[in-house]
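A.B. asks: here is my input, please return the structure:
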Amino acid sequence: MTRATKAEDHPRLKRLEQVRLWLSEAQTLIDGANSLILQGRKEINKLCMGGCCSLSPKSNLKFGKQIAKMLRDVVEHKSKGLFFDKVAEEVPTPPFTERPSEHTVGLESTFNEALSILETENVGIVCLYGMGGVGKTTLLNKINNKFCESPNRFDLVVWIVVSKGLSTGKVQDDIAKKVGISDPTWQDKTPEEKALIIFSVLKEKKFVMLLDDLWERVDLSKVGIPHPTQENGSKLVFTTRSEEVCGQMEAHKKIKVPCLPEKKAWELFQEKVGEETLDCNLGIRELAHEVAKECKGLPLALVTIARAMACKNTVEEWEYAIEVLRRSSSSVLPDMVKRVYPLLKFSYDSLPNDMIRTCLLYCSLFSEDYQINKDRLIDLWIGEGFLDGHGHTSLARKQGHHIIGSLLHACLLEEVSEFHIKMHDVIRDMCLWIACELEKEKWRFSVQAGYQLTKLLEVGNWGSMRRMSLMDNRIENLVETPNCPNLQTLFLNQNNQLKVINDDFFRFMCGLKVLNLSDNGSIEELPVGISKLVSLEFLDLSFTGIRQLPIELKALEKLKFLNLEFSHGIRIPRQLISSFLKLQVLRMEGCYDSLGQEVEDNSEWLVEELMVLDHLNMLSIPITSAFGLDRFLNSERLCSCNLVIELRLFKDSKVLNILSLANMKCLNSLKLFYCENLEEVKMEGTWEARMIEVESHIQTSVIASEHCFQSLRRVNILECSKLMDITWLILIPNLRHLYVQTCRNMEEIINERKLSQVAEVVETSSLFAKLEYLYLSYLPELKSIYWDTLPFSCLKEIKVIECPKLNRLPLGSNKAKKNKIKIRGKEEWWKELQWEDECTRIDFVPFSFRFW
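C.D. replies: Down below sits the predicted model:
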């Protein structure tokens, strides 16, 4: 009996039917024996004379016979039990196992998308990816339970948790248990033998394999999982935090699990906090909305904070929670430290190396929700010394883009646009927890970004800090003299009220390497004391109101990065730029003499100074005259830099030969701004390219080279009032962004006659083949982009504002279905658009964004 009981305690064993009957009969005997024992006490009381006589002999005799029979029955029944070779058999493994799951909020659309994809015959492998805590496992749970419902076209559904530190043997063992092939000899088999057994079982079934929490590629063949194909009808669904794993697993479809939209996030938060708490005080519900917003839609954070706040019944407690969340403090929200941050830190710890981890933590210096420009971030990383590119800045920049890509794929950064990224608030809080608390002594960060400070706090504690962010505050004056010889990085950008920096403010910052003063429009003067920053390598003065750079900046002999972009009207002393002999990056786009004095000379002397900078490799520069442009083009070394060229004003120029710029091998962006007298941009030349002569009313030598403008990605044209077309764009094969604004006489983008002149040397079928964004605004005479439909194989968006005569777009119906091109414009303009046919118009309606 003990053997049978122990066997049934095993979850995979079940008693044999004959054993069940034997145990039932045994229990009947036991119950009868217990009854006789109770009856025996009464029979004993009927005995007398020391048990030699009985007061009721018949009763005692009958009772004695009952005991004798019971003993015979027990002996007989026990003998039957001795002959059982086995008392239990293994229970067949159920093909489907429903998993416990909670009510979910906001996952419905992603869940339905996943089910729809899994119904597609040619999709065998599906990846669900997203940041930690976003609900991937919950979603996989729902998929598992959906396949457990009847009817079901699959023979088997298997759920396996893989997690970090993948072990093929562990995955094989878990699969063996789920499909019922694990026996006492299983552990004696080699991984290869196990794989063959698993394969032989699964190949006969139509299965769904659900793998949760992958961190690296699982080799299906080594595990023994048949590759899902359209022929076998099986499916593999896995979750991961890394988009790279989707590619490594050769997923046919990948689905990003996003954070919840604000409305759904509030539903989840409200559910977890409870109506009783929300209604216990008049102001709590409104404050709870603010708390929920701070979680930025991350379900794990919403649930954790909601549970922590469920017992908070006063307005003051909720107001304090909001302040704490905005300041990224974990000290009063211990549940975040216990449940959320360690889970997210797993992604941080899993990054390939310390360099990438350092680059991620660096992003937390920026304020909450700040959109970080990718190029500026890479500038900072190089300036900090995180990237070296083995001495080559261009290689370091590529390395920087690779790191950004790695962090995006790991779902630790979010892409806002082609040029900007941001950090989710909870990821940022996790990074600050690491840098400011968990590993405080290692990183020595101080981040008070976005605190709305009006003055500096705790200046006396700056001494040990290495990196400090005071960006996005309301500081008006920096009159202190902080003593911080260890400080290497200081962010003071976006303090729009900042007007005065004391001469002694930088006096004891001899180790400072990075200083960011950008986006401080109220500051008009730099202190002479900035010359004390002899270790400075990175200085950002973009978007400031500074009127003149102090000549004392010459003391910054180590300066490698200088950003003056869009500091309109800034004056630069002669011989200052040429004194920065180690300068690698100079950004001056939108930086020009707004007083308009000696602009031609400015272009000339600036070029002269740039020519002595041997390490310069990235340059954005305004050029304000044809003479200045000619001087620039004569410098082969400057033309070899990565370039953003802004041709501005050109007062005395009516014609520009665009091919004069063709020797700029690394020209990335070209801007034509306020060239009011410019009437035509020609495509002429006589050097190193194929040429054809064209007979027309204007005799020209038209030239087009297949090697022209290969690097040019972006063109901006603003207030060039006399230009009637920009047909020269056909020379830019890799153009991605085109912005044309406020050109009041422009009638067409591509002129048919001019295009015909170069048709033999320019492949017109590839016109705008790489174009992604087309923005046209305030072009009152514009009638045509192109007279026929164009392939637009990469186009994502067209935006049209105040172009009343443009009533046709060069789009065919297939583009709407394939590319899902967004069209933005006013309602009345949209109504007047003419289409290839009605079907084309209908196809584009879902992707139109109309405004009044």
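A.B. asks: longest helix in the protein, please.
C.D. replies: helix 17-45 (DSSP state H).
A.B. asks: and the average pLDDT for it is what?
C.D. replies: Along helix 17-45, the predicted confidence averages to a pLDDT of 78.
A.B. asks: mind jotting down where the strands sit in the stretch 151-300 of the chain?
C.D. replies: Secondary structure of the stretch 151-300 of the chain by DSSP state E, counting those that start in this stretch: the strands cover 156-161, 207-214, 235-240, 253-256.
A.B. asks: closest to G247 out of those strands?
C.D. replies: G247 lies closest to strand 253-256 among those, at 8.3 Å (CB to CB). For every residue, glycine as well, the C-beta is placed using N, CA and C.
A.B. asks: okay, buried residues for that closest one please.
C.D. replies: If you call a residue buried by 16 or more other CB atoms under 10 Å, then strand 253-256 has these buried ones: K253, K254, I255.
A.B. asks: most packed of the strands of the stretch 151-300 of the chain?
C.D. replies: Compared across the strands of the stretch 151-300 of the chain, strand 235-240 shows the largest average neighbour count, a mean of 25 (mean count of other CB atoms under 10 Å).
A.B. asks: what lines up beside that strand in the sheet?
C.D. replies: Using DSSP bridges, strand 235-240 pairs in its sheet with strand 125-129 (parallel), strand 207-214 (parallel).
A.B. asks: wait, which of those is closest to D73?
C.D. replies: Each of these was checked against D73 via CB to CB, and the shortest separation belongs to strand 207-214, namely 52.1 Å.
A.B. asks: so for that closest one, what's the average pLDDT?
C.D. replies: Strand 207-214 shows a mean pLDDT of 94 in the predicted model.
A.B. asks: contacts for that strand next, please.
C.D. replies: If you take CB atoms under 8 Å, 6 or more residues apart in numbering as the criterion, strand 207-214 is touched by 136-137, 140, 143-144, 147, 154-164, 166, 218, 225, 228, 234-240, 245, 249.
A.B. asks: chain center to it: distance?
C.D. replies: Mean-position distance between strand 207-214 and its chain equals 23 Å (CA atoms, centre = their mean, to the nearest Å).
A.B. asks: mind listing the helices for the stretch 301-450 of the chain?
C.D. replies: With DSSP state H, counting those that start in this stretch applied, the stretch 301-450 of the chain shows helices at 315-326, 334-335, 341-349, 354-363, 374-384, 393-409, 425-433, 440-443, listed in chain order.
A.B. asks: brain fart, the stretch 101-250 of the chain
C.D. replies: In the stretch 101-250 of the chain, helices defined by DSSP H, counting those that start in this stretch lie at 108-118, 136-147, 168-179, 191-202, 220-223, 243-248, listed in chain order.
A.B. asks: okay, these in CSV with mean neighbour count, distance to N353 and mean pLDDT next?
C.D. replies: Putting those into CSV (neighbours: other CB atoms under 10 Å; distance: least, CB to CB, whole Å; pLDDT from 0 to 100) gives the following:
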stretch, mean neighbour count, distance to N353, mean pLDDT
helix 108-118, 15, 32, 93
helix 136-147, 20, 25, 93
helix 168-179, 18, 25, 90
helix 191-202, 17, 30, 94
helix 220-223, 16, 27, 94
helix 243-248, 18, 15, 94
